[in-house]
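[1] return a 3D structure for these sequence lines:
(2 chains)
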Amino acid sequence: MHKSIESLIRDAEQSGRPLPQVVLDRESAEMGIAPEKIRARIGQTLGVMRGAIAEGLEGKVRSASGLTGGRSKRLWDDGPRILGPRVTTILARAISTLEVNAAMGLIVAAPTAGAAGVLPAILISVDEFAEGGMGEERLIDAMLVAGGVGGVIAQRASLAGAEGGCQAETGTAAAMGAAAVTWLHGGTHEQISTSIALCLQGMLGLICDPIGGLVEIPCIYRNASAAMQAIAAAEMAMANLDFPVSADEVIDVMGEVGRRMPAAYRETALGGLAATPSAQRLVQIRPTKRPSGASS
Amino acid sequence: MVSLFDILGPTMVGPSSSHTAGACRLGLIARAVAGGMPESVRIQLHGSFAATGEGHGTHRAIVGGLIGLAPDDLRLRAAYDEATAAGLQWEFEEIDLGDEAHPNTAIFHVTLGGEELVIRGASLGGGRVEVSEIDGFPVALGGSYHTLVLLAHDEPGTIAAVATVLAGHHVNLATMRVDRTGRHQDALMTIEADEPISEPAVGAIRSFPWLRWARVVPKIA
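    Numbers count the residues shown, from 1 in each chain, chains lettered A, B, ... in the order given. From the prediction side, this is the model:
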C-alpha cells in the first residue's frame, strides 16, 4: 500500500488512473490477488456492514456487560429534532454497528473493531441519500479509496488505541470515510487530500479510555461523532476550504501525539472517563463474569 | 506488508479485533499444532487478556478456536456450549509473565493422544497474532501462510529432505526456520508456504524415520 497520500495522488495523476484503480492495482500486485477477487471481497464486506447496521437497529442486541445495546433504536425511533433526518440516520447507524460489535455480533473491523461503526454509517447512508443510489460498484470504489487512506495511516502513524489512543482508531476511520465521501461526490484530488487533513485535525488528541476496558462506552458515541466529523470535513473540503497543513503532515502529527500519550490514555482503562467515580461505580454494579472453567 | 484487508477487515465477531478475533486465531493455531481438537487444555492468560478478557469474549473466542470456529463464526457467542458438545475439556487461569511479555499473551497446555504440548502466542492488534513458542522452541507463526510444523530428531539432511519433498509437490516456500535449542536431541522446523500443503506431501514427510511428528497449520482467513 502507499506510504503517503501525496504518492497515492501522484500515482493517479501521472498514470491517469482513478484513485480507486490505483489502490486496487497496487493491492493486486503486492498480494498477488486478481482485481475482481478483491472487488468481490469488498462487496461481501459491504454486505456484512449492512447486516450489522440492520441488526443493531432492531434494538434487541445487548452486550455481556450490560453497558450497551438498544440505544441506536432509541435514537432512530425518537426522530430528528435539530438538523434533520440525515444526521440522525448517520448517528444511529454508527451506534448500531458498535452495539452489535459489543454483543459479539458480526462486524467488519475498519480499521479496527472499536471503530467499526464509522465507515458503514457514512457510506451506506450517503449512498441512500443520493437519488437512485450511487450503485454498488461506486461504493466498492469508495471503499478502495478509504482502504488506501487507512493503509497510509497504518504505516505513518497507528491504527490501534493501545498504541495511539482513540484518534488512531476512530480518527483513522473518520479520515478514511471523509476521503471516501469526498471521492463519491466527485471531489478533486486536492479536495480529497484536504478532507483527510481537515477530518484528522479535528480528531487529534483523542484518548482511548474505555469504561471497564470494554469496547462500549464511550466507543459507541465516539463512532457517532467521528462519522459527523468525516461528513463535515468532506463538506468543507468540497467547498474548497483550505487547510495549511498537508494530509501526510497531519497523519504524522497524529502518530507523534499517540506516541507521547501517557499509557493511562491508551486503552488501559486507567485514565480518562474509565477512571472517573461514575465509571468505577458502573463497573462495580455490572461485574464482568469470571471464566466458568472446565466443561466436565 | 499492509494489505487492504488489514484495513477493511477482518470480518469478525465483535467486540475486539485483538481480544476476540486474535484470541480465536490463537485457539485455531493451537488446535492445528496439537494435531486436532485437544482432549483437554489449560489456558493461561496474561495481562490485558486476563484483565479484560471476559468482557471481550476472549475466553469464548479461544475455546471457539480450539474447536475449529473461525473469527467470523457467530457460534463463538455460544462457544462454551459448542465446546461441551464437542467434548473439549478446558480450564483458564491467570498468569503474570512480567512486564516483558506482550500484554495479550496466552499459553496453551494442550493434551491430545497422550501427548502434551505447550504453545505460547500473543494477539498483536487488528486480529494479527504470533505464536512465539512451541514446546520450548522459539517460532514465529502468524497463521497468514499455510504452515508446516515438524519435530524431527536432529540429524544431517533433514532440511534438504523436507525441502525436496515440498518442491516435488510444487509448494513454494515463503519462510523456513529451524531451531534446536529446545529440549531433547530434537529440532523444530516451521515452514510457511504460499500454497496449501497437500496430504500426500505431508504423508511423504511423515514417512521419514527421523520425524517425530508433523502438523499442518492452515492459513487463517
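[2] where does A:Gln14 fall, phi/psi-wise?
    Dihedral pair for A:Gln14: phi -70, psi -30, per degrees, to the nearest 10.
[3] OK, contacts around it?
    With contact set as Cβ atoms under 8 Å, 6 or more residues apart in numbering or on different chains, A:Gln14 has no partners. All C-beta atoms are positioned from the backbone trio N, CA, C, and that covers glycine.
[4] A:Asp11 now?
    For A:Asp11, the contacting residues are A:His2, A:Arg17, A:Val22, A:Arg26, by Cβ under 8 Å, 6+ apart.
[5] repeat that for B:Ala50.
    B:Ala50 neighbours (Cβ under 8 Å, 6+ apart): B:Glu94, B:Ile95.
[6] just for chain B, where's the confidence low?
    B:181-184, B:221 (pLDDT under 70).
[7] could you pull out the strands for it?
    Ranges of strands in chain B, per DSSP state E, are B:11-13, B:40-47, B:89-95, B:104-112, B:115-125, B:128-134, B:137-141, B:146-153, B:173-179, B:186-193, B:211-217.
[8] dump these to JSON lines, plus distance to chain A and mean neighbour count.
    Listed next are the strands of chain B as JSON lines, based on distance: least, Cβ to the nearest Cβ, whole Å; neighbours: other Cβ atoms under 10 Å in any protein chain shown:
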{"stretch": "strand B:11-13", "distance to chain A": "5", "mean neighbour count": "28"}
{"stretch": "strand B:40-47", "distance to chain A": "8", "mean neighbour count": "22"}
{"stretch": "strand B:89-95", "distance to chain A": "4", "mean neighbour count": "18"}
{"stretch": "strand B:104-112", "distance to chain A": "9", "mean neighbour count": "22"}
{"stretch": "strand B:115-125", "distance to chain A": "4", "mean neighbour count": "21"}
{"stretch": "strand B:128-134", "distance to chain A": "10", "mean neighbour count": "22"}
{"stretch": "strand B:137-141", "distance to chain A": "20", "mean neighbour count": "18"}
{"stretch": "strand B:146-153", "distance to chain A": "14", "mean neighbour count": "21"}
{"stretch": "strand B:173-179", "distance to chain A": "12", "mean neighbour count": "15"}
{"stretch": "strand B:186-193", "distance to chain A": "14", "mean neighbour count": "22"}
{"stretch": "strand B:211-217", "distance to chain A": "20", "mean neighbour count": "18"}
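[9] returning to what we had before: what's the farthest-apart pair in the contacts of A:Asp11?
    Greatest spacing in the contacts of A:Asp11, by Cβ to Cβ: A:His2 and A:Arg17 (13.0 Å).
[10] one step back: same list (the strands of chain B) but as JSON lines, adding distance to A:Gly187.
    Output for the strands of chain B, formatted as JSON lines (distance: least, Cβ to Cβ, whole Å):
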{"stretch": "strand B:11-13", "distance to A:Gly187": "28"}
{"stretch": "strand B:40-47", "distance to A:Gly187": "43"}
{"stretch": "strand B:89-95", "distance to A:Gly187": "50"}
{"stretch": "strand B:104-112", "distance to A:Gly187": "39"}
{"stretch": "strand B:115-125", "distance to A:Gly187": "31"}
{"stretch": "strand B:128-134", "distance to A:Gly187": "32"}
{"stretch": "strand B:137-141", "distance to A:Gly187": "42"}
{"stretch": "strand B:146-153", "distance to A:Gly187": "42"}
{"stretch": "strand B:173-179", "distance to A:Gly187": "40"}
{"stretch": "strand B:186-193", "distance to A:Gly187": "41"}
{"stretch": "strand B:211-217", "distance to A:Gly187": "44"}
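[11] touching, B:Thr58 and B:Leu45? I think so.
    Yes - between B:Thr58 and B:Leu45 there is a contact at 7.2 Å, judged by Cβ atoms under 8 Å.
[12] still on that earlier bit, which of the strands of chain B sits closest to A:Ala269?
    With Cβ to Cβ as the yardstick, what comes closest out of these is strand B:40-47 (12.7 Å).
[13] counting by contacts, list what the closest one packs against.
    helix B:58-66, strand B:89-95, strand B:104-112 (3 or more Cβ pairs under 8 Å, 6 or more residues apart in numbering or on different chains; DSSP states H and E).
[14] just want the angle from it to helix B:58-66.
    140 degrees (axes from the mean of the first three to the mean of the last three Cα atoms, to 10 degrees).
[15] contacting residues for the residue nearest in space to the middle of chain B?
    Centroid-nearest residue in chain B, with Cα atoms, centre = their mean: B:Ile29, separated by 2.2 Å. B:Ile29 sits next to B:Gly65, B:Ile119, B:Gly121, B:Val129, B:Val131, B:Leu141, B:Gly143, B:Val217, B:Ile220 when contact means Cβ under 8 Å, 6+ apart.
[16] switch the cut-off to 7 Å
    The neighbours of B:Ile29, taking Cβ atoms under 7 Å, 6 or more residues apart in numbering or on different chains as the test, are B:Gly121, B:Val131, B:Leu141, B:Gly143, B:Val217.
[17] mind listing the residues bridging to the third one?
    This means B:Leu141. Under the criterion DSSP bridges, B:Leu141 forms beta bridges with B:Val131.
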